[in-house]
Structures are given as structure tokens and as C-alpha cells.
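**Q** Provided below for reference: sequence and predicted model.
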Amino acid sequence: MRTLYSAVIWAVATVMIILLVTLPINTRTQLIASILIVTVMAIIKLLDVGGKWRLVALAFGTGMVLRYVYWRTTSTLPPVNQLENFIPGMLVYLAEMYSVLMLSLSLFVVAMPLPPSRPGTRSSSDENLPTVDVFVPSYNEDEQLLANTLAAARNMDYPPEKLTVWLLDDGGTVQKRKASNVADARAAEARYEKLNQLCKEMGVRYLTRERNEHAKAGNLNNGLAHSTGDLIAVFDADHAPTRDFLLETVHYFEKDPMLFLVQTPHFFLNPDPVERNLQTFEKMPSENEMFYGIIQRGLDKWNASFFCGSAAVLNRKALQVSNGFSGVSITEDCETALDLHGLGWNSIYVDRPLIAGLQPATFASFIGQRSRWAQGMMQILRFRFPPLKRGLSMAQRLCYMSSTLFWLFPFPRTIFLFAPLFYIFFDLEIFTSSGGEFLVYSLTYMAVNMMMQNYLYGSFRWPWISELYEYVQTVHLLPAVISVMLNPRSPTFKVTAKDESVSVSRLSEVSRPFFVIFFILIVAFAMSVYKVYTEPYKADVTLVVGGWNLLNIIIAGCALGVVSERGERQASRRVKISRRCEFGIDGKWYTATINNVSVHGASLEVYTEGKTGIATDTVGHIRFQPFSDLPVSELPVDIRNFDRTGDVTSVGCRYVPQKALDHRLIADLMFANSAQWTQFQTARRTNPGLFRGTVWFLWLSVYQTSRGLGYLMRDLGKSRGTEKG
């Protein structure tokens with residue numbers, strides 16, 4: 001009876017929504033209804049009541065979106081017999097319907113209250129703990145980067161007899177060491193010997209293979225074949241785990257024998273190129289936080305959170321059932337999760353940063369990484385097609401559709417960018433409506449859409465930032481997505497560059513299309529102003545289209561700042577800490593405090609009490625109590641700079657690791673404490689609201705437009721000077 005009652009309620013609600021959406025009303029009535037609904041949604045948001053009221057606000061918003069869809073479908077499409085208008089008009093319509101579809105899938109995934117963060121609970125006895133193999137797959141990363149990650153993995157709090165750390169090196173394979181190019185072969189041989197020695201010193205197993213086949217998936221499967229642990233923890237070469245990583249993840253496998261995955265978020269020490277060039281890293285949530293802070297939690301609610309390639313623990317039994325990590329696509333992580341979910345296995349997402357990694361520092365590397373993700377998801381859509389994947393629940397099908405279809409965004413984003421130009425330059429009528437109708441329906445739709453996004457992602461994504469990220473990726477992702485659609489097997493796995501830096505301010509090598517597009521939009525804006533004065537009888541439509549184009553200019557102008565790479569003085573990001581230590585030089589020891597650390601060095605306040613002896617380019621030592629069970633040892637450092645103020649001397653130093661223990665001490669300083677990553681994330685998760693967020697974005701766009709044009713003029717000036725010389 002209860003099921004029947006619920007079905008009747010849903011049926012009645014559906015009929016009422018359809019009647020309201022299709023109700024024939026005039027433009028004035030639509031305007032009044034729109035103002036009322038937007039006001040109600042705003043009041044609910046301002047009161048911050050949450051819970052069921054949040055669902056009420058989203059329901060109002062959904063009704064307005066459906067009303068807009070009905071109006072667009074029945075009243076605005078150009079006649080079919082006018083192909084010059086109908087084709088571009090249909091493209092814009094399809095782009096909008098894609099946006100509505102993605103909004104619907106997002107609502108399904110995250111509209112309901114998300115489950116709380118899962119607490120970590122250690123097993124009652126070390127004897128009950130499963131054995132764990134830690135895989136660190138590598139291809140071309142340098143020794144220092146790998147040493148930090150391997151040291152952090154060795155420092156994890158877990159019974160040593162049940163923990164084995166493996167370096168899976170695809171840069172020293174037999175194939176590479178016997179390459180026909182002598183220089184390449186020697187480099188691979190030198191890498192093989194160097195990393196082999198590093199692993200022996202650090203108590204890590206080194207493993208390579210005969211040939212580089214099936215990229216990262218093949219490398220991981222080779223590790224599976226040579227290891228025996230009950231669980232597999234995977235960390236990218238630049239993802240160093242905190243001390244409590246295994247304590248926060250392993251115990252879930254005791255409770256659910258069908259659990260194949262515990263995934264944790266990817267936290268990054270450095271800003272991505274957008275954050276670095278816009279200088280927003282420390283005050284605005286990172287782009288990836290919306291995925292890891294909201295979307296993955298929503299997927300977890302439906303047992304659809306998936307493997308993200310690193311910062312995860314997997315069940316060996318499950319991987320044996322699926323014949324290892326899947327390698328049909330170049331995104332082996334999501335594909336593996338899709339296969340195992342289809343076989344009835346479960347996943348869990350733990351929303352706590354337990355690793356610290358590195359993001360691409362240059363815009364070109366950022367685009368290369370996103371191109372791989374987009375192409376891999378298109379391959380999954382093509383070869384696995386989640387809607388028809390056997391074994392998935394309906395909720396899981398919708399979740400995987402949301403994750404894969406998202407990467408089609410370059411198509412609608414391109415259409416929205418150039419749609420106004422159809423009218424401005426060619427007088428094509430892609431909308432058959434008056435300017436008043438367009439404003440009433442379209443502006444309401446845009447406002448409601450933004451408000452719904454604010455409800456869903458508020459403190460994790462500021463207004464207009466998603467549009468900016470999509471635009472800066474679209475320019476180069478569009479051809480990448482088209483290529484994989486035409487030839488699904490063409491993409492190959494390319495390793496994202498690690499630990500890069502930009503030493504000199506410059507324009508990105510892939511920046512040219514952004515300036516070309518910006519100037520085209522500026523010309524279109526001038527043309528729309530001209531048309532308002534020369535064709536006053538069409539001024540309402542021209543103003544609406546011109547406003548649309550102006551919005552594109554604001555986003556495109558901000559993108560000029562994104563591709564204007566800022567130079568960095570520091571090679572690596574520093575993390576603020578406060579840790580007591582002793583600083584020794586020339587046999588004398590002083591009380592000191594470590595203020596901040598990086599993977600390369602540290603800054604200290606040394607209480608010298610008027611004594612001298614500190615000088616640059618001399619070797620000192622730091623002695624501190626590790627978080628792990630390591631003994632108190634001396635970490636050698638090279639003094640790079642110092643400044644005396646009374647009894648305190650501020651010292652900047654660079655690590656000079658000489659043995660494996662030194663690397664483990666560095667990892668303990670930098671990565672052991674997971675609480676510092678949580679505190680940093682929480683500090684920047686604020687919600688400026690739609691109004692203040694929009695004003696802030698407008699200011700940001702004006703500033704970044706001028707900065708980008710300044711970089712362009714400087715480069716043009718240098719080019720002319722070179723030509724004259």
C-alpha cells in the first residue's frame with residue numbers, strides 16, 4: 001500500500017507539473033511568475049534553511065527550466081524551409097537541451113542531502129589488518145619527486161610486516177634500455193640503476209617490465225602479477241600520502257566483503273594554471289573541489305563513486321574477477337570502476353584529503369591533461385556505453401552518464417560562443433521571438449540556472465568560474481573530442497608533466513586562438529552597436545544579441561589573463577606550519593621553530609640569542625621529533641639566506657638529502673599531517689553569493705583582459721625588436 005501511495009503521489013505531481021509547464025500565458029504573466037519564483041528562491045537561500053526547503057527551491061527552479069524548454073521547443077525554432085536559419089537555430093537549441101540534460105543529471109546526483117563524511121576507525125587488532133601493496137607507477141618522473149612519494153608511503157602508520165611499497169617504473173623497461181637510439185637507451189639504463197639503488201636504500205621494491213604495453217593499466221597489472229597483498233593502494237608519482245592514509249581507508253574492507261574501492265580526494269599543493277595566473281589559489285576553492293567535495297559524495301550516495309587513478313585502495317579479489325585494471329580506454333581508472341560496479345561490487349568515497357599532489361603548472365600541460373581525460377571518457381561512452389552496461393542499477397547508469405557526457409561540453413560552449421555572430425554578421429534569425437520574450441524567458445532561465453548551481457555547489461564553486469574553465473578548455477578540447485569520435489582507438493596515454501615551473505612571465509604557447517577569438521568578439525560588439533543605430537526597428541533583438549556577445553567578451557577577456565603565464569620565483573609551493581626543532585651549525589645547537597616547508601626547503605626562526613656563526617652557503621642540520629616512528633635524526637640543509645632581528649635569526653635553507661632516512665624526514669615534515677590539508681581547504685570554502693560573485697568576476701575580467709593585452713603588446717614589441725636586430 002505504501003508503494004502504491006507513493007506512486008499515486010508521483011503521478012499526480014507529474015501531471016500537475018506538465019499542466020503548469022504547458023499552461024498558455026502571455027509575456028506579462030510569465031514575467032510576474034518569473035519574478036515571484038526567483039524571489040522565493042532567493043529568500044530560501046538567504047534564510048539558509050536547507051533540508052526540505054532546499055528541495056522546494058530546486059523544485060521551483062526546475063519548473064522554470066521546464067517552462068523555458070517548452071517555450072524554446074514550441075515557439076522559437078526557425079521554420080524548417082529556411083535552412084540558413086533553421087540549421088544554426090537547431091544547433092543552438094540542441095546545445096541548450098544538452099545543458100538542461102546535464103543540469104537534470106546533476107540534480108539527480110547531488111540534489112538530495114549528501115551523506116556525512118566517513119570517520120576513520122582503526123581495526124581492533126593489528127593481526128586482523130589485511131596486507132597492503134602500495135603501487136607508485138612511474139614513467140619519466142625525476143628521482144627527487146619519486147623519493148618524496150616513496151618516503152611518504154614508507155612513513156604511513158601501518159604494521160611494517162603487512163606493508164610493501166612498490167615503485168612500478170615504466171621508464172626503465174627492457175624495451176627502453178635496448179632502444180635503437182643509443183642516447184635513449186643509456187638514459188633508460190641510468191634511470192634503471194639509479195632508481196634501483198634508491199629503492200634498496202628506502203626499503204622499497206623496484207619493478208619494471210619487458211615492454212611498455214597498455215600504458216598505466218599495463219604497468220599496474222604487472223604490479224598485480226608480482227605482488228600478493230590483500231589490498232592495493234595506488235598513488236601517482238607526485239601524490240604523497242599522509243601518515244594516516246591507510247588508517248582512514250583500510251577498515252572499510254572489513255565491513256563489506258563486496259567492496260572493491262575506497263577513493264579519497266586529490267588535494268594539490270600548487271595551483272593549476274588558471275588559479276596561478278588569476279591569483280585565486282588561496283582565497284577561492286579549486287576547480288577540482290567541486291568534483292571531490294560535492295559530486296563524488298553524490299555519486300557515493302548511489303554506490304557510483306569511481307576510481308580516480310590515485311589516492312585509492314582497491315581489493316585484489318575484485319581486480320582478479322575483472323582480470324585486472326581495464327585498458328580499453330586511456331582513462332583506466334573510471335573504466336575499471338565501471339566494470340566492477342557492473343559485476344556487483346561496491347565502492348566508498350572518503351571525503352578527507354589524505355594525499356598532497358602536484359597539478360600541471362603550465363597552461364599547455366593543463367590542456368594536455370584535460371584532453372586525455374576528455375578522450376578517455378569519450379572512449380568509455382563509445383566502448384562501454386553506461387546506459388546499456390549489464391549489471392548496473394538505474395542510479396549507477398545515470399551517474400556514469402553524468403560523468404561521461406560532461407566531457408561533451410566543448411560542443412555547446414562553442415555554439416554559445418559563436419551563435420550571436422550568426423545574427424550580427426549574417427542577419428540570420430536563430431530565434432523567432434521578440435526581444436521582450438527573449439529577455440523574460442531566457443534571462444529568467446539564466447538566473448534560475450545560476451541560483452540552482454549556487455544551491456548545489458555554493459561554497460565549492462563561485463559564480464561564472466565554471467563558464468571560464470569550460471571556455472579555456474573548449475578551444476583546444478573540441479578538436480581532441482572530435483578526433484576520438486571519428487577514430488575511437490586513436491588516442492594514446494600521455495603522462496602529465498610533473499613538478500614544472502614558469503620562471504619568466506610569458507604568453508602560453510597555445511594562447512593565440514584566445515586572442516583571435518577575443519578580437520572577433522570585439523568586432524562583433526562594434527557591429528552590434530552600429531546595427532542599433534542603423535536599424536532601429538530591430539533594436540530590441542540587436543540589443544539582446546549584443547548583450548549575449550558582451551557576456552562572451554567578458555569570459556573571453558578573462559581567459560586572456562589565464563593564458564598569460566605569471567613567472568614564479570619559487571620552484572615549489574610552501575606550506576605554513578609551526579613545528580619546534582633544533583638548528584645546528586658548527587657543532588652548536590639552537591632552539592628554533594619551522595615556519596614553512598616545501599619539498600625542497602624550509603624557513604626557520606632560530607633563537608641565536610645574539611650569537612653569530614650563521615652564514616650563507618654553509619651546511620647546517622635540523623633536528624626534530626617525527627610524527628612517525630622514525631628516530632630523532634639530523635636532516636642536513638644548505639643555508640641559502642638569513643636575516644637577524646635581535647635575538648632571532650630567520651633562516652631560509654634547502655634540504656641536502658644524503659641517505660634514505662633524510663628523504664623520510666623530509667616527507668614527515670611536508671606530508672605526514674593530514675589536518676593541515678583539511679584546514680587549508682576549509683579556509684577557502686566561502687560563498688560570495690550570486691551578486692557579489694558576479695561583481696567580483698566582472699572586476700576580475702576587466703583586470704585580466706588588460707593584463708593579457710599587456711602581455712600581447714610586450715611580446716609584439718619584442719618580436720619587432722628582434723626583426724630590426
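**A** Nice, thanks for sending it over.

**Q** outline the domain layout of this structure.
**A** Domain segmentation of the chain under automatic domain parsing yields 13-113+409-565, 128-407, 575-676.

**Q** ranking those by burial, who's on top?
**A** Comparing the domains of the chain on average neighbours per residue, with mean count of other Cβ atoms under 10 Å, the densest one is domain 128-407 at a mean of 20. All C-beta atoms are positioned from the backbone trio N, CA, C, and that covers glycine.

**Q** end-to-end on it?
**A** Start and end residues of domain 128-407 are separated by 42 Å (Cα to Cα, to the nearest Å).

**Q** can you check stretch 533-545 too?
**A** Stretch 533-545 end-to-end distance (Cα to Cα) = 15 Å.

**Q** need the contact partners of it.
**A** Stretch 533-545 has contacts (Cβ atoms under 8 Å, 6 or more residues apart in numbering) with 420, 423-424, 431, 434-436, 438-439, 442, 528, 531-532.

**Q** repeat the analysis, applying 10 Å as the threshold.
**A** Stretch 533-545 is contacted by residues 419-424, 427, 429-431, 433-439, 442-443, 524, 527-532, 546 when judged by Cβ atoms under 10 Å, 6 or more residues apart in numbering.

**Q** before we move on, the earlier item: the domains of the chain: which one's closest to Phe697?
**A** Between Phe697 and the domains of the chain, the tightest spacing by Cβ to Cβ is seen for domain 13-113+409-565, at 4.3 Å.

**Q** and the residue nearest to Leu163 when sequence neighbours are not counted, what are its bridge partners?
**A** Once its chain neighbours are removed from consideration, Leu163 has its nearest residue in Val132; the separation is 5.4 Å (Cβ to Cβ, 6 or more residues apart in numbering). On the basis of DSSP bridges, Val132 is bridged to Leu163, Leu231.

**Q** from Val313, how far off is Val132?
**A** With distances taken as Cβ to Cβ, to the nearest Å, Val132 is found 7 Å from Val313.

**Q** quickly list what's touching both of these two.
**A** Taking Cβ under 10 Å, 6+ apart as the contact criterion, the common neighbours of Val132 and Val313 are 231-233, 246, 249-250.

**Q** let's have those residues in a markdown table, adding pLDDT.
**A** Formatted as a markdown table, these follow (pLDDT from 0 to 100):
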| residue | pLDDT |
| --- | --- |
| Leu231 | 97 |
| Ile232 | 97 |
| Ala233 | 97 |
| Leu246 | 95 |
| Thr249 | 94 |
| Val250 | 94 |
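
**Q** what is the nearest of these to Gly61?
**A** For Gly61, the nearest member of the shared contacts of Val132 and Val313 is Thr249. The distance, counting by Cβ to Cβ, is 36.7 Å.

**Q** give me phi/psi at the closest one?
**A** The main-chain torsion angles of Thr249 are listed as degrees, to the nearest 10 and equal phi -130, psi -40.

**Q** assign Asn270 to helix, strand or coil.
**A** The assignment at Asn270 comes out as coil when based on DSSP: H, G, I helix; E, B strand; the rest coil.

**Q** okay, it: pLDDT?
**A** At Asn270 the predicted local confidence, pLDDT, stands at 88.

**Q** how near is it to Met90?
**A** Using Cβ to Cβ, we find Asn270 at a distance of 43 Å from Met90.

**Q** just Lys45 next, same as before
**A** When Cβ to Cβ is applied, the distance between Lys45 and Met90 equals 35 Å.

**Q** same deal with Phe514?
**A** 28 Å.

**Q** quick check: which element contains the residue nearest the centre of the chain?
**A** A centroid search over the chain (Cα atoms, centre = their mean) returns Asn288, at 2.9 Å, as the residue closest to the centre. Assigned by DSSP states H and E, Asn288 belongs to helix 287-290.

**Q** and the helix or strand following that helix, what's its mean pLDDT?
**A** The element immediately downstream of helix 287-290 (helix or strand, assigned by DSSP H and E) is helix 296-301. Model confidence over helix 296-301, given as mean pLDDT, is 93.

**Q** what of stretch 717-725?
**A** pLDDT averaged over stretch 717-725 gives 65.

**Q** follow-up on the earlier one: so who does the residue nearest to Leu163 touch?
**A** Val132 sits in contact with 156, 158-159, 162-165, 227, 229-233, 246, 249-250, 313, 316, where contact means Cβ under 10 Å, 6+ apart.

**Q** kindly report the same for Pro387.
**A** With contact set as Cβ under 10 Å, 6+ apart, Pro387 has these partners: 381, 394, 397-398, 400-401, 404.

**Q** got it, and Pro488?
**A** When contacts are counted by Cβ under 10 Å, 6+ apart, Pro488 is found next to 328-329, 375, 378-379, 381-383.

**Q** what segments of the stretch 501-650 of the chain are helices?
**A** In the stretch 501-650 of the chain, the helices defined using DSSP state H, counting those that start in this stretch lie at 512-534, 539-562.

**Q** ok now the shortest one, how far from the chain's centre?
**A** Which is helix 512-534. Its chain's C-alpha centre and that of helix 512-534 lie 32 Å apart, by Cα atoms, centre = their mean, to the nearest Å.

**Q** again, but for the last one
**A** Centroid separation for helix 539-562 versus its chain: 27 Å, with Cα atoms, centre = their mean.

**Q** and it, what's its mean pLDDT?
**A** For helix 539-562, the per-residue pLDDT averages 93.

**Q** list the buried ones in the longest helix anywhere in the chain?
**A** Among the segments of the chain that qualify as a helix by DSSP state H, the longest is helix 689-724. Buried residues in helix 689-724, counting neighbours by 16 or more other Cβ atoms under 10 Å, are found at 689-690, 693, 697, 700-701, 704-705, 707-709, 711-712.

**Q** including distance to Ala480, could those residues go into a markdown table?
**A** As requested, the buried residues of helix 689-724 are arranged in a markdown table below (distance: Cβ to Cβ, whole Å):
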| residue | distance to Ala480 |
| --- | --- |
| Gly689 | 35 |
| Leu690 | 32 |
| Gly693 | 30 |
| Phe697 | 27 |
| Leu700 | 27 |
| Ser701 | 26 |
| Gln704 | 25 |
| Thr705 | 27 |
| Arg707 | 28 |
| Gly708 | 24 |
| Leu709 | 28 |
| Tyr711 | 25 |
| Leu712 | 25 |
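
**Q** thinking again about what came up before, let me have the domains of the chain in TSV, adding distance to Leu716 as columns.
**A** Listed next are these as TSV, based on distance: least, Cβ to Cβ, whole Å:
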stretch	distance to Leu716
domain 13-113+409-565	10
domain 128-407	19
domain 575-676	36
